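J.: Just to be clear, the model below is a prediction. Sequence and coordinates:
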Amino acid sequence: MSNKQNTGIAARAVKALAAIEANELKATLISTLFVFILMASYYILRPVRDAMASDWTDTEVSFLWNINFFVSAAIVAIYGYAISRVRLRHVVPAMYAFFAATFIAFYLGVASVSDWVLVDKAFYLWVSVFALFHVSVFWTFMADTFNKGQAKRVFGIIGAGASAGALVGPAIPALFADNLGTDNLMLVASVSLLLVIPLVFYLYHLKAAELGNVDLVADTKSAVMGGNWWHGFQAFVSNPYLLGIGAFILLYVFIGSFVYFEQKNLLADFSREERTQILASIDWIVNLMTFGLAFFVTGRIVNKLGMPTALALMPVLICIGMLILAFAPILTVLLALQVFRRGGNYGLTRPAREMLYTHVSKEDRFKTKPVVDIVVYRGGDAISSSVFAFFTDGIGLGLAAVALVGSGIAAAWAWVGVRLGRSFDANEERPTKEESGPG
């Protein structure tokens, strides 16, 4: 059988399983590999970061999250400045090279610093910045690579790549944390990040050559986006659609923060190494469960049931889960809710949410999206962590009472998801500014 026949059979098989077109196959696979490497790199670092937090009080962690908000806002402003003046073709690879260099710097500098608590907290903050920035930039790139129709077919599959990377990443610290040590895990993650750079340039080629999105090409060899660095902040507060996405993310963050703090407190009695392995094992279970959901289900839910269902389904189920936790406030239920919440987000809610950005202009994708994904997210962290610290350290509320509050937040989250989904479906056929040209 010829290579051409083999390729045709593979393309038909993938289309049957995942509902994508033959000309989208190569770009989808490269994008999936791209996010696989990104998420594997992050999940090598995540258990190391989260294991540190159990050594600190809720108030200390809340203080770090508040600092993180201001650090993230400053970095997004710098990124907006760079987007306005640097060729788009270079922005994405440069950003990943920069983060790789910073983790190498942590690896080289950790032995020369005497104050380990200060180093731990600096590392905790920087990994938290990276956690949102690397994935926000990736999905910006995806929204600028695939058109709206393609995004509805392929984003679920690409999300499955994120789940696969998140399966492999935590397996490394789970299995080798004792032997490698946390310092060497930083180096492994840094080297992995450098591997995505050639994939970025190849996707630029496929975007015009096979996807046929010539009108969406991000730039020419000499063009820059221009505009003001503050456009992202300005557009966010003046655009109801982007404000809606921000509200959706903010409510998700509140739910996640409440569960995160309770998990942190329950792990306080374990050693640092034991926490790292436990958290890495939880990460592995979460992503094993979500891989099939992202690959086989997400695209079909969006196409057949619509965006309102895709965005509201997990919030409704989380609301029910929070009510169960309120009446059965035990460790097993909490961990099951954490697995279900994170799995559903990675497998369904996140890919569907990223499709919303295919309906905004190129400048909003590159400048406003990081404001929403990072500044709003970290603002939500700062607010929700302060609220949680007040509930627990301040007035002494228990897990059941906090879960009851969380169920109300999840209900509001579902309502915002329905409204956003309806707005997306209603405007799906309207061209964005750059597609329709000046007018």
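T.: Alright, I've got the coordinates. Residues are numbered from 1 along each chain as shown.

J.: which ones are touching the residue nearest the centre of the chain?
T.: The chain has residue 135 as the residue nearest its centroid, 4.7 Å off, counting by C-alpha atoms, centre = their mean. Applying C-beta atoms under 8 Å, 6 or more residues apart in numbering to residue 135 gives the contacts 35, 38-39, 42, 162, 373. Using the backbone N, CA and C atoms, a C-beta is placed for each residue, glycine as well.

J.: so how far is residue 368 from the spatially closest residue to residue 367 that is not a sequence neighbour?
T.: Spatial nearest neighbour of residue 367, excluding adjacent residues (C-beta to C-beta, 6 or more residues apart in numbering): residue 232 at 3.6 Å. Going from residue 232 to residue 368 by C-beta to C-beta, to the nearest Å gives 4 Å.

J.: And the contacts of stretch 307-314?
T.: 248, 298, 301-302, 341, 344-345, 348-349, 352-353, 355-356, 414-415, 417-418, 420-422, 424-425.

J.: hey, C-alpha coordinates of that stretch in PDB?
T.: Only the C-alpha atoms of stretch 307-314 are listed here, as PDB (Å, rounded to 0.1, in the frame of the first residue of the first chain):
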ATOM      1  CA  MET A 307     -22.100  26.900  22.700                       C
ATOM      2  CA  PRO A 308     -24.600  27.700  25.600                       C
ATOM      3  CA  THR A 309     -24.600  24.000  26.500                       C
ATOM      4  CA  ALA A 310     -20.900  23.600  26.100                       C
ATOM      5  CA  LEU A 311     -20.100  26.600  28.400                       C
ATOM      6  CA  ALA A 312     -22.800  25.900  31.000                       C
ATOM      7  CA  LEU A 313     -22.700  22.100  31.400                       C
ATOM      8  CA  MET A 314     -19.700  21.900  33.800                       C
END
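
J.: Give me the average confidence score over it.
T.: Mean per-residue pLDDT for stretch 307-314: 84.

J.: Then stretch 71-81?
T.: The average pLDDT for stretch 71-81 rounds to 84.

J.: picking that back up, which one of the contacts of residue 135 has the most neighbours?
T.: residue 162 (29 neighbours; other C-beta atoms under 10 Å).

J.: can you pull the contacts of it?
T.: Counted by C-beta under 8 Å, 6+ apart, residue 162 has contacts 35-36, 38-39, 135, 294, 346, 350.

J.: And it, how far from residue 236?
T.: Distance from residue 162 to residue 236, by C-beta to C-beta: 25 Å.

J.: Using the three-state scheme, assign residue 329.
T.: Three-state call for residue 329 (DSSP: H, G, I helix; E, B strand; the rest coil): coil.

J.: Isn't it up against residue 397?
T.: No. If you go by C-beta atoms under 8 Å, residue 329 and residue 397 don't touch, sitting 11.0 Å apart.

J.: what about the residue nearest to residue 367, which helix or strand?
T.: helix 231-238 (DSSP states H and E).

J.: Give me the buried positions along that helix.
T.: For helix 231-238, burial by neighbour count (16 or more other C-beta atoms under 10 Å) applies to 231-233, 235-236.

J.: What of stretch 138-157?
T.: Neighbour count says stretch 138-157 has 138-148, 150-157 buried, by 16+ other C-beta under 10 Å.

J.: Residue 240: how many residues sit nearby?
T.: The burial count for residue 240: 7, using other C-beta under 10 Å.

J.: now swap in residue 363 and tell me
T.: Residue 363 has 20 nearby residues by other C-beta under 10 Å.

J.: If you count contacts, what does the helix holding residue 232 end up packed against?
T.: helix 58-85, helix 240-266 (3 or more C-beta pairs under 8 Å, 6 or more residues apart in numbering; DSSP states H and E).

J.: Among those, show me which one is buried the most.
T.: Ranked by mean neighbour count, the helices and strands packed on helix 231-238 are led by helix 240-266 with a mean of 20 (mean count of other C-beta atoms under 10 Å).

J.: sorry, back to before: would you mind measuring from the residue nearest to the centre of the chain to residue 166?
T.: 11 Å.

J.: overlap in contacts of the two?
T.: Common neighbours of residue 135 and residue 166 (C-beta under 8 Å, 6+ apart) are 39, 42.

J.: what about the strands in the stretch 301-439 of the chain?
T.: Here the stretch 301-439 of the chain has no strands by DSSP state E, counting those that start in this stretch.

J.: Check the stretch 101-250 of the chain too.
T.: Counting by DSSP E, counting those that start in this stretch, the stretch 101-250 of the chain contains no strands.

J.: Give me the pLDDT value at residue 15.
T.: At residue 15, pLDDT is 53.

J.: hmm, I was thinking of residue 415
T.: pLDDT at residue 415 comes out at 93.

J.: Contact partners for it?
T.: residue 312.

J.: Low-confidence stretches in the stretch 251-400 of the chain?
T.: 266, 272-273, 276, 283, 287, 289-300, 302-303, 331, 393 (pLDDT under 70).
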